[in-house]
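[1] Please find the sequence and the predicted model below.
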Amino acid sequence: MIRVLVADDSVMTRVVLKDLLSKDPGIAVVGEARDGREAVAETLRLRPALVIMDVLMPEMDGLEATVEIMARCPTPILMLSSHVDPADLTSAFAAIQNGALDVMEKPQGVVTDAFEEIAAQLVEKIRVLARIPVMHHFRRPPPKAVKPPPAPRTEPGVRGILAIGASTGGPRAVMHLLRQLPGDFPARVVIVQHIATGFAANFADWLDRESPLSVRLARDGELLEEGVALVAPNETHLAVRRGRVVLLAAPPVNSCRPSVDVLFESLAEGSGEEVVALLLTGIGRDGARGMAALHAAGGYTIAQDQESCAIFGMPKAAIDLGVVDQVLPLPEIPSALGRLFPVAGKGL
């Protein structure tokens, strides 16, 4: 049984969430809070498997509550946002930066097809996020007395494209990575992040504000630019052909749209030897097949290691295929990219 704490200053929202979650026999709402201060106190008292928390609340908002919870009783947190108020969205992604795992749209209480879709997504996220050991995020793993892995292929001298794929836990991982790269990072960057519908543009804006790189939502037909990171829009596949973005309204791949496989495979067809492909934390197998195609085409491949992943699904799938050149903890990936994409003859 997954024990959930619901924190929202709206009585109606708490009622909607409790009613929605009561339909799943594997989930129990064990408590509720009217503001961030109560959310912290109830988390300490009840020790739930997951906290579902509104962003904007009185007394203490969701961001402040996240910081308190992660400092005093690390617990998986899912932020809910109406994604209407810019302050709401800014705080939601700031909460992720400070330890929350994900953000999604708040169910509004009117039963429509859109409501049913959000409800199904919420239940699925709860099942995934409640399993994540948040206290271990991004910590460098201790040395282990195990046989070292085989040496990776020799790192190439010149690359031009960095392609990143991520899912659950990815927003925080992508932010951590981009913040370590210099503003004059000599590569064209393309990112596919599985994120709730309506949040891709805000994710790109957040990365742009918080990292040295210029980050924006990808537009159909635009050229990839050095020093610019493009984020795939919601509900649209992103491919790269002849150095340009191609947005595709094709069916989901691996139940995902955008799909990391679509991006990686498109790059393998035209620019394989120019690409460094990076597969970060995420549930499922999306990106593994595309990474295999890039590896075969001469691309260089990196996967995040198990200890620093929120969910070791997508990276593991690629590792199991034997198509990963390096498996690295998240804190070590920026320096590896510095060797692959040297700035003015120097690494990061």
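    Thanks, I have the structure now.

[2] Could you tell me how many residues sit around residue 235?
    Applying other Cβ atoms under 10 Å, we find 12 other residues in the vicinity of residue 235. Where C-beta positions appear, they are placed from N, C-alpha and C, glycine not excepted.

[3] brain fart, residue 59
    By other Cβ under 10 Å, the residues close to residue 59 number 13.

[4] Going forward, the N-terminal residue is numbered 231.
    Fine by me, first position is 231 from now on; the one you just mentioned is residue 289.

[5] Now do the contacts for the residue nearest to it when sequence neighbours are not counted.
    Of all residues not flanking residue 289 in the chain, residue 265 sits nearest, at 4.0 Å (Cβ to Cβ, 6 or more residues apart in numbering). Contact partners of residue 265, counting by Cβ atoms under 8 Å, 6 or more residues apart in numbering, are 237, 239, 287, 288, 289, 290.

[6] Can you give me the distance of residue 265 to residue 410?
    As judged by Cβ to Cβ, to the nearest Å, residue 265 and residue 410 stand 35 Å apart.

[7] what does residue 319 give?
    Counting by Cβ to Cβ - residue 319 and residue 410 are separated by 24 Å.

[8] pretty sure residue 334 contacts residue 308?
    Yes - at 6.9 Å, residue 334 counts as touching residue 308 under the criterion of Cβ atoms under 8 Å.

[9] shared neighbours of those two, anything?
    Residues touching both residue 334 and residue 308 comprise residue 355, with contact defined as Cβ under 8 Å, 6+ apart.

[10] next one: stretch 431-449 to chain centre, how far?
    How far stretch 431-449 lies from its chain's middle: 14 Å, per Cα atoms, centre = their mean, to the nearest Å.

[11] and that stretch, which residues are buried?
    By 16 or more other Cβ atoms under 10 Å, the buried positions in stretch 431-449 come out as 432, 433, 434, 435, 436, 437, 438, 441, 443, 445, 447, 448.

[12] Would you map the helices across this protein?
    According to DSSP state H, the chain carries its helices in the segments 241-252, 266-276, 292-302, 316-327, 343-359, 400-409, 430-440, 490-500, 518-526, 544-550, 563-570.

[13] Summarise which helices and strands the shortest one is packed against.
    It stands for helix 544-550. Packing partners of helix 544-550 (3 or more Cβ pairs under 8 Å, 6 or more residues apart in numbering; DSSP states H and E): strand 505-509, helix 518-526, strand 530-534.

[14] Please name every helix or strand in contact with the lowest-mean-pLDDT helix or strand in the chain.
    Considering only helices and strands, the least confidently modelled element of the chain by mean pLDDT, DSSP states H and E is helix 316-327, at a mean of 82. On a contact count with 3+ Cβ pairs under 8 Å, 6+ apart, helix 316-327 meets helix 292-302, strand 307-311, strand 332-335, helix 400-409, helix 430-440.

[15] what pairs with residue 311 across the strands?
    The partner list for residue 311 in beta bridges (DSSP bridges) reads residue 335.

[16] Quick one: low-confidence residue ranges for the stretch 281-430 of the chain.
    Low-confidence segments of the stretch 281-430 of the chain, defined by pLDDT under 70: 313-317, 339-342, 365-388.
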